[in-house]
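K.L.:
Need a 3D model of the sequence below.
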Amino acid sequence: MTTHVFESPGQAFRAGAQNTIPLIVGAIPFGIVFGTLGPVNGLSFEATLAMSLIVFAGSAQFISLGLLAAGASPWLIVLTTFVVNLRHLLYAVTLIPMVRTLPQRWRAPMAFWLTDETFAVVAGRMGDEHTGQFHWYYLGSALSMYLNWQLCTLLGLTLGEWVPDIENWGLDVAMAVTFIGIVAPQVVNRPRLAAVLAAGVCSVWWRDWPHQLGLFAAALTGIFCGLGAEVALQDRRSELAEGGC
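P.N.:
All right, here's what the predicted structure looks like:
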């Protein structure tokens, strides 16, 4: 077991930001594409920027844009966004041991700034014997992601006015690669593999469903398959333990 002890909040903050840089690089094209797509899908310059400032959830923002463009009802947009972001509930539960002693003034902003990238970075510290200054490390990662997302949205909004069809350059493939890079190291047991395979296969299979509902259903399928595999694995271990007594 490794040990990482930060000597000061500043050192922890800088380490969190530095360790997030590879994921920030992958998110840059994603943010730029979102900025260009906002006006194309009917949002004003200010509304596009406000969505990034207030929502700060890349996948949910893209899905919302698609639903807005398709004329979906507000309740469907809210419901889809809620389900797509259900994974954040699992992230939050995982982080409870590290944040339960922090005051509310820390936990509230940490919840708002929780992203896939920041979770991937800070989760790597949770297995350490002693992390120290975990919240400052988290803040360094989260703030760097947040500032990057705002700047990229603004850049996309600006470039979208100057460069025609930039949204069709295929820049969004960088984010898909980034997500693969986030998920792959987390697949360390059979339940997680079952969840990833089920969600991945179903998302491709159901990609033509209207209003991105295929993604909605694939996420749920992945969650239930992972949960089912975990329960089956626990039952199997219990049977083996009883048989060995």
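
K.L.:
all helices for the chain, in order.
P.N.:
Along the chain, counting by DSSP state H, helices occupy 9-40, 45-54, 58-69, 74-84, 87-99, 104-112, 116-123, 134-162, 173-183, 190-205, 213-244.

K.L.:
weakest of the ones you listed in terms of mean pLDDT?
P.N.:
Across the helices of the chain, helix 173-183 has the smallest mean pLDDT, namely a mean of 72.

K.L.:
any chance of the helices of the chain in CSV, with mean neighbour count too?
P.N.:
Where you see a C-beta, it was placed from the backbone N, CA and C, and this is true even at glycine. Shown next, in CSV, are these (neighbours: other C-beta atoms under 10 Å):
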stretch, mean neighbour count
helix 9-40, 20
helix 45-54, 16
helix 58-69, 20
helix 74-84, 15
helix 87-99, 14
helix 104-112, 13
helix 116-123, 23
helix 134-162, 20
helix 173-183, 16
helix 190-205, 17
helix 213-244, 14
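
K.L.:
okay but Ile217 is in contact with Pro210, surely?
P.N.:
Just so we're on the same page, residue 217 is Ala rather than Ile. No: contact criterion C-beta atoms under 8 Å: Ala217 and Pro210 do not qualify, at 11.8 Å.

K.L.:
ok, Phe119 to Leu90 distance?
P.N.:
Distance of Phe119 to Leu90, given as C-beta to C-beta, to the nearest Å: 9 Å.

K.L.:
Ser64 now?
P.N.:
21 Å.

K.L.:
what's the answer for Val25, then?
P.N.:
Taking C-beta to C-beta, one finds Val25 at 26 Å from Leu90.

K.L.:
repeat for Phe112
P.N.:
17 Å.

K.L.:
What of Ser8?
P.N.:
31 Å.

K.L.:
What pLDDT is listed against the nearest residue to Val196 once chain neighbours are set aside?
P.N.:
Spatial nearest neighbour of Val196, excluding adjacent residues (C-beta to C-beta, 6 or more residues apart in numbering): Val187 at 5.6 Å. The model reports Val187 with a pLDDT of 82.

K.L.:
does Val187 really touch Ala194, like I thought?
P.N.:
No: at 9.7 Å, Val187 and Ala194 do not qualify as touching, with contact defined as C-beta under 8 Å.

K.L.:
Might one say that Thr26 is in contact with Gly181?
P.N.:
Not Thr; residue 26 is Gly. Yes: Gly26 is within contact range of Gly181, at 7.0 Å (criterion: C-beta under 8 Å).
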